[in-house]
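Here's a sequence, model it:
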Amino acid sequence: MRPLDEKETTMVFEKLFKFTGPNLKHLLERPAVEGPDPEPGRYCLRLHKNRVYYASEALVRRATAVARPRLAAVGTPIGKFTHHGSFHLTVHALDLLAAHARRRVWLKPDTERSFLFGNSVPKSSLARITENTKSGDGVVVMSMSDVPLGFGIAARSAQDCRKADTNAVVVLHQADAGEYLRKEEELM
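Residues are numbered from 1 along each chain as shown. Sure thing, here's the model as predicted:
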């Protein structure tokens, strides 16, 4: 387990910024609430076996006492680096993204299952969308009861969605809560 180098940090922050925007600073600057220490410090990002973890500094300090081969994970895994060196957010980052997201999309209740099976979101499934969403923005997909279901990339702007055909794709699927069941072995 080690801190991210400059190139890795840039890649992770660019991906997170796509979803959180200026709220990214709140992700790392907020005081940590986990750990046995009276002053657990703040949150930080660490790399272990090509996976990026979001953990409190107190937890990271305690994890240094464990040998690398025996250390399974520390904190919340938010993404991984591929063999080609690109960074992908995983479904584990959903809670962090939902809490700090700047763009959201709400689905109709009868169409949530389709998204949870790994399909992209067509306009017919859309109940609401955050105003001034642009094509290419990262969006968090929510149920009408404000439960985060997953995240993806906006394929159309909010204004284009009004004019689009009912079968037109509005959000390109990236990750959803159904992956916990579909890719159980892969996520560990």
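
ranges for the helices of the chain?
For the chain, the helices defined by DSSP state H cover 6-20, 24-29, 57-63, 94-100, 112-116, 158-163, 179-182, 184-187.

now the ones you listed as JSON lines including mean neighbour count?
Quick note: C-beta positions are derived from backbone N, CA and C, even for glycine. Output for the helices of the chain, formatted as JSON lines (neighbours: other CB atoms under 10 Å):
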{"stretch": "helix 6-20", "mean neighbour count": "17"}
{"stretch": "helix 24-29", "mean neighbour count": "13"}
{"stretch": "helix 57-63", "mean neighbour count": "18"}
{"stretch": "helix 94-100", "mean neighbour count": "18"}
{"stretch": "helix 112-116", "mean neighbour count": "19"}
{"stretch": "helix 158-163", "mean neighbour count": "14"}
{"stretch": "helix 179-182", "mean neighbour count": "12"}
{"stretch": "helix 184-187", "mean neighbour count": "9"}
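
Would you mind telling me which of those helices is nearest Gly152?
Closest to Gly152 of the helices of the chain, according to CB to CB: helix 112-116, at 8.6 Å.

contacting residues around the closest one?
Contact partners of helix 112-116, identified using CB atoms under 8 Å, 6 or more residues apart in numbering, comprise Leu107, Val121, Ser125, Val141, Ser143, Leu149, Gly150, His173, Asp176, Ala177, Gly178.

one step back: wait, which of the helices of the chain is closest to Thr130?
Of all these, it is helix 158-163 that lies closest to Thr130, at 7.0 Å by CB to CB.

tell me which strands and helices that closest one is in contact with?
strand 126-129 (3 or more CB pairs under 8 Å, 6 or more residues apart in numbering; DSSP states H and E).

Run the chain-centre distance for the strand it packs on.
20 Å (CA atoms, centre = their mean, to the nearest Å).

for this structure, which spans come out with low pLDDT?
34-37, 40, 184-188 (pLDDT under 70).

residues contacting Asp160?
Ser135.

Leaving out the residues flanking it, which one is nearest to the residue nearest in space to the middle of the chain?
In the chain, the C-alpha nearest the mean C-alpha coordinate belongs to Ala93, at 3.5 Å (CA atoms, centre = their mean). Spatial nearest neighbour of Ala93, excluding adjacent residues (CB to CB, 6 or more residues apart in numbering): Ile78 at 3.9 Å.

Does that neighbour touch Thr90 like I think?
Yes: Ile78 is in contact with Thr90 according to CB atoms under 8 Å; the separation is 6.8 Å.
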